[in-house]
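Participant: Quick one, what's the 3D model for this:
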Amino acid sequence: MIISILILTAGLVLLTLGAKWLVEGSSALAIGFGIRPIIVGMTVIAFGTSMPEFVFNLAATLKGSNDLGLGNIVGSNIANIGLVLGISALIQPIKIDKKLIKVEYPFVFGTSVLFFLLALDGEIGLFDGIVLSLIFVLFLWYMFKNSAVVEGDILADIPKEVDKTKTPKHIGLSILGLVLLISGARLMVESAVDIARALEIPELIIGLTIIAIGTSLPELAASVVSTIKQEGDISLGNVLGSNIFNILFVIGILSLFMPTLAEGSTTLTLHFPAMLIMTALLYPLLLLKTHISRLDGFLFLVLYVTYTVLCYTIG
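Facilitator: Down below sits the predicted model:
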């Protein structure tokens with residue numbers, strides 16, 4: 001049991017470092033080859049923040065642990081709002097960019113509802129994956145078309161140019177990041193299954209809580225740093241963007257090759273509704289307020305802790 005926990009922790013470290021180095025190396029390579037920074041930001045960086053979830057889900061699917069994969073996505077989306085935004089707002093109130101109400105929030109809420117509806121029959125299959133993937137392409141097209149509007153947010157930490165003499169280093173960093181991602185995901189899946197069996201806890205619950213928090217750590221770190229730098233609007237945008245990518249990119253792409261199962265008595269009665277409620281609670285804040293206050297952040301954290309307790313008491 002202790003060994004499994006240590007392996008899970010090691011896998012998380014590898015997963016996080018792998019995502020970071022893959023993004024850094026591939027971003028530098030893309031910019032070095034003359035690709036515009038805004039394009040890099042909207043592809044490499046955006047995909048990179050969802051890579052932990054994507055690679056973990058791929059590993060879980062290949063191992064046949066579908067509950068871990070589904071739990072990771074639903075749990076990550078809940079954690080991004082309840083945990084990440086909650087902690088960030090407690091540190092410092094988060095400024096609300098009203099542009100988010102026009103594009104990002106409707107996409108987040110709409111895709112969350114669609115995700116739930118597609119799961120009602122017990123699985124996200126090939127047809128569902130095609131629908132989600134097409135919406136993802138539409139979303140990317142819109143973002144590219146309106147790149148000038150979002151450029152300031154996405155390019156916050158992306159250099160405009162890089163030293164081309166360091167290309168071998170960037171290639172090595174990208175390869176190392178990819179290797180660490182794959183290795184970390186494999187370790188996390190295997191150790192999570194072992195822990196679930198040892199504690200007689202359903203794999204779905206492990207995915208919804210421990211794994212979800214682990215794969216949300218990059219978003220948490222980025223959001224906390226953005227908040228401390230008084231760039232809370234970037235923090236909020238990152239959370240909404242991550243939730244969009246988790247559903248449309250991770251679930252959408254993987255479901256093209258293998259169904260994502262949505263089984264279990266509480267999957268559709270507790271976990272999906274919790275994701276929808278947490279997402280819906282953002283709307284009045286975005287619409288009526290200029291900041292997400294510390295009190296708002298505290299309430300989000302309370303809701304997240306309450307949900308986590310429910311996971312382990314009623315499953």
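Participant: for the stretch 201-315 of the chain, what are the low-confidence residue spans?
Facilitator: In the predicted model of the stretch 201-315 of the chain, residues 221-222, 225-226, 229-235, 265, 315 satisfy pLDDT under 70.
Participant: tell me the mean pLDDT over stretch 22-35?
Facilitator: Along stretch 22-35, the predicted local confidence has a mean pLDDT of 68.
Participant: For stretch 301-313, buried residues please.
Facilitator: Residues of stretch 301-313 classed as buried by neighbour count (16 or more other CB atoms under 10 Å): L301, L303, Y304, Y307, T308, C311. No exception for glycine: its C-beta is placed from N, CA and C like everyone else's.
Participant: Helices along the stretch 101-250 of the chain, start to end?
Facilitator: Using DSSP state H, counting those that start in this stretch, the helices assigned to the stretch 101-250 of the chain run over residues 104-119, 126-145, 147-154, 167-199, 203-206, 212-215, 217-228, 232-245.
Participant: got a markdown table for these, with distance to P93 and mean neighbour count too?
Facilitator: Conversion of the helices of the stretch 101-250 of the chain to a markdown table gives the following (distance: least, CB to CB, whole Å; neighbours: other CB atoms under 10 Å):
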| stretch | distance to P93 | mean neighbour count |
| --- | --- | --- |
| helix 104-119 | 18 | 19 |
| helix 126-145 | 27 | 16 |
| helix 147-154 | 18 | 16 |
| helix 167-199 | 34 | 19 |
| helix 203-206 | 33 | 25 |
| helix 212-215 | 23 | 25 |
| helix 217-228 | 9 | 20 |
| helix 232-245 | 7 | 25 |
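Participant: closest one to V84 among the ones you listed?
Facilitator: Comparing the helices of the stretch 101-250 of the chain by their distance to V84 (CB to CB), the top pick is helix 217-228, with 4.8 Å.
Participant: Next up, the contacts around the residue nearest to the spatial centre of the chain.
Facilitator: Centroid-nearest residue in the chain: S242, 4.4 Å away (criterion: CA atoms, centre = their mean). If a contact means CB atoms under 8 Å, 6 or more residues apart in numbering, then S242 has T49, S50, S76, N80, E219 as its contacts.
Participant: next one: T209
Facilitator: For T209, the contacting residues are G71, G75, T308, C311, Y312, taking CB under 8 Å, 6+ apart as the criterion.
Participant: Need the nearest residue in space to the second one, chain neighbours excluded.
Facilitator: Take G75 and drop its neighbours on the chain: the residue closest to it by CB to CB, 6 or more residues apart in numbering is A212, 2.7 Å away.
Participant: What of the third one?
Facilitator: If you skip the residues right next to it in sequence, T308 has T209 as its closest partner in space, 5.7 Å away by CB to CB, 6+ apart.
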